[in-house]
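>>> next come a sequence and a model predicted from it.
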Amino acid sequence: MDDTDRSAAATDAPWTRRGILRVGGGSLAATTLLASGAAERSLATASPDTESGATGARAVASDGDLSVSIATQNLGLGADFLSIARDNDEATVPERVGALYTDVRKSRPRERMVAIAQELTQRRPAIVGVQEAAIVRRGPRTGNDPESPDADGIVFDFLDALRAALRARETPYRPVAVATNADLEFPGRVDGEAIDVRLTDRDAILVREDADVTVQDTSTATFDASLTLPLSAERSVEIERGYARADLRVAGEPLSVLNTHLESALESVRTAQATEFASAVDAGSTPLVALGDFNDGPDGERDAYEILTETLSDVAVEGTSATGETAANGSTAATPEARISGTCCRPSSLRPPDEDGLTRRIDHVFVDGIRASHVRRFGVEAVDVDGATRRWPSDHAGVLAALTTAPAETPTATEDATATVEGTVANGSATSESAPTSPQTVEPTAKSAEAGGDTRSSTSAENPGFGVVAALSALVGGAAGAALLDRRREA
């Protein structure tokens, strides 16, 4: 049965791959699991956006100061492509590819995008960076080279589905910069039918349409450092990644925003990509925000994270107000590692087990020339997708930060005790509400090993989504394809 979604292509035609990869101007975690989800739910209920009517994400400039709310969210493909690397029998590749294709369908992408849209609608960030904004296509079996994909029947377009759900909630966003990364196609067998399955990975910067944000310039770039997988003695395939950039005016004030998704499967490649990304965000006179899934953090391998934090500030560490997530000692003045809890990674099935798997903080908002007045996670609760089935919206939690260039005020003793949450309204004034008065204990980082993992491991241990699309490539070429090679393309 052909489950191609032709309606997805009607609203937003996919960008051409090579055209979007080139740089140019255009229009276009520490294991700190909450003992219960009550703190997150209480903070969401008390959000100034939903309760007081304040538009906390509305961009405001006053006397040259900029205030804006910005978010990052990995959308989550819904399949763990690393699983096929356990069997290097090339003859079974179509069946394994077909099984993973079925896993994506079972993850209910459209319903999950509706859940993410609901979160964004409640919080109304002016700017959003999304990763794994995938397009999944199918087509007749052609046997083409994986890097020459031709399947054009769109089954799921994650970005299109998210935007459609946002429009349905009268909170439309437009993509202003979209970077296309890996775009690969492999043979699959689904319901007994031989097909080709094509996966296109993208990162996008979205701007809320009614926000006071204008686009000055945009660009995309591909990292020189890439993961290279041999498919045979004669052929190899590159797993390309890159970033999108948008130079904006927010309420008349300049702001540059970058969004990326660094390699998960091999630390040396991720570190090289972080070095390239850091060179693209050199300190300048314009405030800058770098968003993304960096597959590293203060509780990971740290190499990529430390490269980036040499020149950029991690708002989850540098944020000046508490976040509503209580530290292990019951104080709302959380330690840097516990300022927000983990953002990754739930099982790729996205079916809620006893624990939600958010044990590592690898999704970040980095800044230069602007600071955070508030940082929090979102998308931490499972949702009903059909009245009987529950799914997490993604294998990652999102991160929302209220940013401002205004000087920080010295907090009062009361603010220290109640974890003030700030939201800027349209006229530039601020509303605040206290975090829950009943402490919600956060598990200390040191207990992560008891939960079944080393918190200093990188995301290589489990790599759902496009973090391991590389594994799919490797298996097509048999045992020789299992080797991961760190390769830097010649300029």
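The structure has been received and is ready for your questions. Numbers count the residues shown, from 1 in each chain.
>>> so which strand or helix has A204?
In the assignment (DSSP states H and E), A204 maps to strand 193-208.
>>> again, but for A408
Assigned by DSSP H and E, A408 belongs to neither a helix nor a strand.
>>> partners of the helix or strand following the strand holding A204 in the sheet?
Downstream of strand 193-208, the first helix or strand assigned by DSSP H and E is strand 213-222. Next to strand 213-222 in the sheet, as set by DSSP bridges, lie strand 242-250 (antiparallel).
>>> if we can go back for a sec, partner strands of the strand holding A204 and their direction?
In its sheet, and by DSSP bridges, strand 193-208 pairs with strand 127-131 (antiparallel), strand 135-140 (antiparallel), strand 173-190 (antiparallel).
>>> quick one: mean pLDDT for the longest one?
By that I understand strand 173-190. On average, the pLDDT along strand 173-190 is 94.
>>> using PDB, write down the CA coordinates of that strand.
The C-alpha trace of strand 173-190 is given here as PDB (Å, rounded to 0.1, in the frame of the first residue of the first chain):
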ATOM      1  CA  TYR A 173       5.900  30.400  11.700                       C
ATOM      2  CA  ARG A 174       7.900  30.800   8.500                       C
ATOM      3  CA  PRO A 175      11.300  29.100   7.700                       C
ATOM      4  CA  VAL A 176      13.900  31.800   7.000                       C
ATOM      5  CA  ALA A 177      17.000  29.500   6.600                       C
ATOM      6  CA  VAL A 178      17.000  25.800   6.000                       C
ATOM      7  CA  ALA A 179      20.200  23.700   5.800                       C
ATOM      8  CA  THR A 180      20.000  20.300   4.100                       C
ATOM      9  CA  ASN A 181      22.400  17.700   5.500                       C
ATOM     10  CA  ALA A 182      22.400  14.000   4.600                       C
ATOM     11  CA  ASP A 183      20.200  13.100   1.700                       C
ATOM     12  CA  LEU A 184      20.500   9.300   1.100                       C
ATOM     13  CA  GLU A 185      18.500   6.500  -0.400                       C
ATOM     14  CA  PHE A 186      18.600   2.800   0.200                       C
ATOM     15  CA  PRO A 187      16.600  -0.300  -0.800                       C
ATOM     16  CA  GLY A 188      13.800  -1.400   1.400                       C
ATOM     17  CA  ARG A 189      11.100  -4.000   1.600                       C
ATOM     18  CA  VAL A 190       7.700  -2.900   3.100                       C
END
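>>> so that it lines up with my notes, have the first residue be 21 from now on.
Sure, I'll start numbering at 21, so the last one becomes strand 193-210.
>>> what segments of the stretch 321-470 of the chain are helices?
Assigned by DSSP state H, counting those that start in this stretch, the stretch 321-470 of the chain shows helices spanning 323-329, 335-338, 433-438.
>>> which stretch in the ones you listed is the model least sure about?
helix 433-438 has the lowest average pLDDT among these, namely a mean of 38.
>>> show me which residues of the strand holding A224 are buried.
Across strand 213-228, burial judged by 16 or more other C-beta atoms under 10 Å covers 215-228. No exception for glycine: its C-beta is placed from N, CA and C like everyone else's.
>>> need those in JSON lines (columns: pLDDT and distance to P372).
Output for the buried residues of strand 213-228, formatted as JSON lines (pLDDT from 0 to 100; distance: C-beta to C-beta, whole Å):
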{"residue": "I215", "pLDDT": "96", "distance to P372": "31"}
{"residue": "D216", "pLDDT": "94", "distance to P372": "33"}
{"residue": "V217", "pLDDT": "93", "distance to P372": "27"}
{"residue": "R218", "pLDDT": "93", "distance to P372": "30"}
{"residue": "L219", "pLDDT": "92", "distance to P372": "25"}
{"residue": "T220", "pLDDT": "95", "distance to P372": "28"}
{"residue": "D221", "pLDDT": "94", "distance to P372": "26"}
{"residue": "R222", "pLDDT": "97", "distance to P372": "27"}
{"residue": "D223", "pLDDT": "98", "distance to P372": "27"}
{"residue": "A224", "pLDDT": "98", "distance to P372": "27"}
{"residue": "I225", "pLDDT": "98", "distance to P372": "30"}
{"residue": "L226", "pLDDT": "98", "distance to P372": "27"}
{"residue": "V227", "pLDDT": "98", "distance to P372": "32"}
{"residue": "R228", "pLDDT": "98", "distance to P372": "30"}
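>>> of these, closest to V235?
If you rank these by distance to V235 using C-beta to C-beta, V227 comes first, at 7.4 Å.
>>> which residues touch the closest residue to R261 other than its chain neighbours?
Closest residue to R261 apart from its sequence neighbours, by C-beta to C-beta, 6 or more residues apart in numbering: N201 at 4.8 Å. Neighbour list for N201: D221, R222, D223, T242, I259, E260, R261, G262, H281, F486 [criterion: C-beta atoms under 8 Å, 6 or more residues apart in numbering].
>>> for those residues, which one is nearest D415?
Using C-beta to C-beta, those come closest to D415 at F486, 11.2 Å.
>>> so among the contacts of N201, where is pLDDT lowest?
Where pLDDT dips furthest among those: F486, at 58.
>>> next, R144: phi, psi?
Main-chain torsions, R144, degrees, to the nearest 10: phi 50, psi 50.
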